[in-house]
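Peer 1: Got a predicted structure plus its sequence, pasted below:
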Amino acid sequence: MMDYLAKATAYDGKVRVYAATTTNMVNEVVQRHHVLPTAAAALGRTMIAGTIMGSMLKGEDKVTLKVEGDGPLGPIIVDSDAHGNSRGYLYNPSVHFELNQHGKLDVARAVGTSGSIAVTKNLGMKEQFTGHSPIVSGELGEDFTYYFVTSEQIPSSVGVGVLVDTDNSIKAAGGFILQVMPGTDDATIDRLEKQIGNMPPVSKLIERGDTPEQMIATVTGDDYKVLETMPVQFKCECSKERIGRAIVSLGKEEIQSMIEEDKGAETQCHFCNEVYTFNEVDLEELKQEAE
């Protein structure tokens, strides 16, 4: 099934809800980076949050998430845009532990229970916004919920889930972000809190194959109106031409050094693991551009 995202309002416009299925997206990035299950769950949860946060933007705006805890994973980096495109990587894809006491992948142990989340919004020609919040649990759903409340002052609920199959592929992935608009009455907030408190874990919704609309219905209690749906996918912006421009920016002397000492150049994209090779002829052409 194709990955996609749904945007909705609920309770007469007092609440915004975004939900997405991202199984194919997360599976592609996990396979590209050979990520083991616990690390895959952490990277996948961050990509789900980033994809939904990207969908809140407009035009060519982009958002970058950096989760940096004190666990062995190291930083997790995710880039997303307003068109449903996301990419991501983490510093240590080989982290994996036994299941925790609840029989779940021990994401909190991998991420760490202290550290920070940084969210940078690149708003095109406008100024860049960066918000920060501390990691409160390492489970990531709770951490992004806390980010919205403390950094953006938006009462929110974030649920993200990733199921990893026995062959380390992604069986299912998806999640939601619910946000309460300013001025919402206490009765509506109480009703929402009760609804969210009684719903199954997000991983259960994902496991049973819920669509984004079905997730929204579960979160809101069927009191919602879908405004828009959009496809979401893994997409990296890298290319040989883009890398070539970066090499040109190094200057002709540095490029000449590559030709004489290394007889070429090779670089690998952090986000998609694609390898780009430049032979001596390629570098001579780039050196001419640099001149």
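Peer 2: Good, I have the coordinates.
Peer 1: so how far is the longest helix anywhere in the chain from its chain's centroid?
Peer 2: When the chain is scanned for its longest helix (criterion: DSSP state H), the result is helix 37-55. Put simply, helix 37-55 sits 4 Å off its chain's centre (Cα atoms, centre = their mean, to the nearest Å).
Peer 1: same for whatever helix or strand comes next after it, what does it pack against?
Peer 2: Sequence order places strand 62-69 as the next helix or strand after helix 37-55, per DSSP states H and E. Judged by 3 or more Cβ pairs under 8 Å, 6 or more residues apart in numbering; DSSP states H and E, strand 62-69 is in contact with helix 37-55, strand 76-81, strand 115-122. All C-beta atoms are positioned from the backbone trio N, CA, C, and that covers glycine.
Peer 1: If you count neighbours, what's buried in the last one?
Peer 2: Within strand 115-122, the residues that qualify as buried by neighbour count (16 or more other Cβ atoms under 10 Å) are 115, 117, 118, 119, 121, 122.
Peer 1: which residues of the stretch 101-250 of the chain fall in helices?
Peer 2: 107-111, 141-151, 186-198, 202-207, 212-220, 240-248 (DSSP state H, counting those that start in this stretch).
Peer 1: Can you pull out the low-pLDDT segments for the stretch 101-250 of the chain?
Peer 2: In the predicted model, the stretch 101-250 of the chain carries pLDDT under 70 at residues 125-126.
Peer 1: Quick one: residues contacting the nearest residue to residue 129 once chain neighbours are set aside.
Peer 2: Spatially, and ignoring its direct neighbours in sequence, residue 129 is nearest to residue 121 (4.5 Å; Cβ to Cβ, 6 or more residues apart in numbering). By Cβ atoms under 8 Å, 6 or more residues apart in numbering, the residues touching residue 121 are 57, 61, 62, 63, 128, 129, 130.
Peer 1: Now distance to residue 247 and neighbour count too, for these, in TSV please.
Peer 2: Conversion of these to TSV gives the following (distance: Cβ to Cβ, whole Å; neighbours: other Cβ atoms under 10 Å):
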residue	distance to residue 247	neighbour count
57	31	18
61	28	16
62	24	19
63	28	25
128	26	10
129	31	13
130	29	12
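Peer 1: Please tell me how far the residue of the chain most remote from its centre sits from residue 53.
Peer 2: No residue in the chain sits farther from the centre than residue 260, which is 40.7 Å out by Cα atoms, centre = their mean. From residue 260 across to residue 53, the span is 46 Å (Cβ to Cβ, to the nearest Å).
Peer 1: Would you map out the domains in the protein?
Peer 2: 4-234, 240-290 (automatic domain parsing).
Peer 1: what helix or strand is residue 31 on?
Peer 2: helix 23-33.
Peer 1: So which bits of that helix are buried?
Peer 2: For helix 23-33, by 16+ other Cβ under 10 Å, it's 23, 25, 26, 27, 28, 29, 30, 32, 33.
Peer 1: I'd guessed the first one sits against residue 3; true?
Peer 2: Yes - judged on Cβ atoms under 8 Å, residue 23 makes contact with residue 3 at a distance of 6.3 Å.
Peer 1: that older thread, quick one: the longest helix of the chain to helix 212-220, angle?
Peer 2: 90 degrees (axes from the mean of the first three to the mean of the last three Cα atoms, to 10 degrees).
Peer 1: most residues in a single strand of the protein, which one?
Peer 2: Ranked by number of residues, the top strand in the chain under DSSP state E is strand 170-180.
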